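Novice: just a sequence and a predicted model for now, questions to come.
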Amino acid sequence: MTPPDLRDLDAFVAVARTRNFRRAAVEMRVSVSGLSQRLRDLEERLGVRLMNRTTRSVALTEAGELLLSRVAPALRDVGDALDQVRGLREVASGRLRINAPPPAVDLVLAPMVGPFLQAHPQVDLDLVSESGFVDIVGAGFDAGVRYGEHLAQDMVAIPLSGPQHYVIVASPDYVARRGRPKHPKDLLEHDCIRARYSSGVMHDWEFEKRGQVVKVDPPAKLISTNMGLAKRAALDGVGIWASIDGYVDDAVKSGALVSLMEDWCEPFPGPFLYYPSRRQVPPALRAFIDFVADWRKRAMRSK
């Protein structure tokens with residue numbers, strides 16, 4: 001009997017983990033038909049069925065479960081060893097494609113870009129900023145950036161920053177004219193500056209105070225996906241704006257904007273860099289992951 005090679009076992013583990021031939025094929029960058037044939041060849045070599053397949057599902061047999069429990073950890077060890085050896089000769093180079101929402105780009109990634117590219121001159125960074133959710137694998141990205149509640153379970157995620165804060169702000173002139181809201185529901189009587197996502201959804205504003213969560217859908221005097229326009233409108237007294245602290249800290253400190261309802265604005269985790277949980281990470285992405293880790297360490301030491 002010809003023993004299976006590592007590619008056979010890699011294919012088996014990918015399908016067993018995803019329970020889906022198409023997702024496994026995308027992850028391994030092979031065709032679905034080629035992956036299916038490799039699994040059939042493996043079963044023939046072993047003389048036992050490893051999976052029961054239907055058009056809608058994949059289920060491991062008892063033999064498949066046994067093989068997965070023994071082989072998956074061994075393949076990870078082999079892969080880690082090979083990656084470490086390759087890392088001795090690989091230089092980060094080529095194009096690194098990252099998809100991220102505008103607040104993460106503006107407030108977290110922007111300060112990193114220059115230092116990262118200076119440290120890795122052979123890397124070209126393609127950073128796409130958009131608010132909609134994207135299948136990073138299907139769209140050809142190496143990694144994405146999202147906040148924790150929107151991360152898929154099969155992704156590896158690392159934090160890009162410390163906690164952030166939502167802030168509710170308005171100009172002193174607006175507050176003098178319309179008053180200062182004290183409770184989230186007071187916002188229903190105010191003009192507000194809101195954002196609509198590329199999907200067309202305009203999310204409720206969510207507040208939390210000592211475990212009490214309140215969501216409101218305040219009237220929108222202005223709807224804009226552009227942070228610069230929204231901030232300009234808030235400064236001009238158009239209405240109340242729900243933002244992230246990094247966009248308005250300077251304006252609040254100078255008195256150009258007034259922070260409102262601070263007791264209802266609790267901190268939340270910052271954005272995460274995420275990428276598919278495949279073993280082989282491209283050198284340019286590995287370099288960026290290492291850069292982020294070092295950046296965060298230096299940021300924490302400086303506090």
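Specialist: Right, received. Where do you want to start? Residues are numbered from 1 along each chain as shown.
Novice: surely A230 and V169 touch.
Specialist: No: under the criterion of Cβ atoms under 8 Å, A230 makes no contact with V169, lying 10.3 Å away. (C-beta placed from N, C-alpha, C; glycine too.)
Novice: who has more neighbours, the two?
Specialist: Legend: neighbour count by other Cβ atoms under 10 Å for A230 and V169, higher for V169 (25 against 22).
Novice: would the more buried one count as being in a strand?
Specialist: Yes: assessed with DSSP: H, G, I helix; E, B strand; the rest coil, V169 lies in a strand.
Novice: my guess is it meets A256, correct?
Specialist: No: with contacts counted by Cβ under 8 Å, V169 stays clear of A256, the gap being 9.4 Å.
Novice: point out where the stretch 1-150 of the chain drops to low pLDDT.
Specialist: 1-4, 55, 84-90, 149-150 (pLDDT under 70).
Novice: which stretches of it form helices?
Specialist: 6-18, 21-28, 32-46, 62-87, 102-104, 110-119 (DSSP state H, counting those that start in this stretch).
Novice: and Q280, which of the ones you listed is closest to it?
Specialist: Closest of the helices of the stretch 1-150 of the chain to Q280 is helix 62-87, at 6.6 Å (criterion: Cβ to Cβ).
Novice: low pLDDT regions in the stretch 151-300 of the chain?
Specialist: Ranges of the stretch 151-300 of the chain meeting pLDDT under 70: 151-153, 278-279.
Novice: which stretches of it form helices?
Specialist: 172-178, 227-235, 245-254, 283-302.
Novice: for L50, find the nearest of those helices.
Specialist: So among these, helix 283-302 is nearest, using Cβ to Cβ, at 31.6 Å.
Novice: that closest one versus helix 110-119: what angle between them?
Specialist: Using axes from the mean of the first three to the mean of the last three Cα atoms, to 10 degrees, the direction of helix 283-302 lies 120 degrees away from that of helix 110-119.
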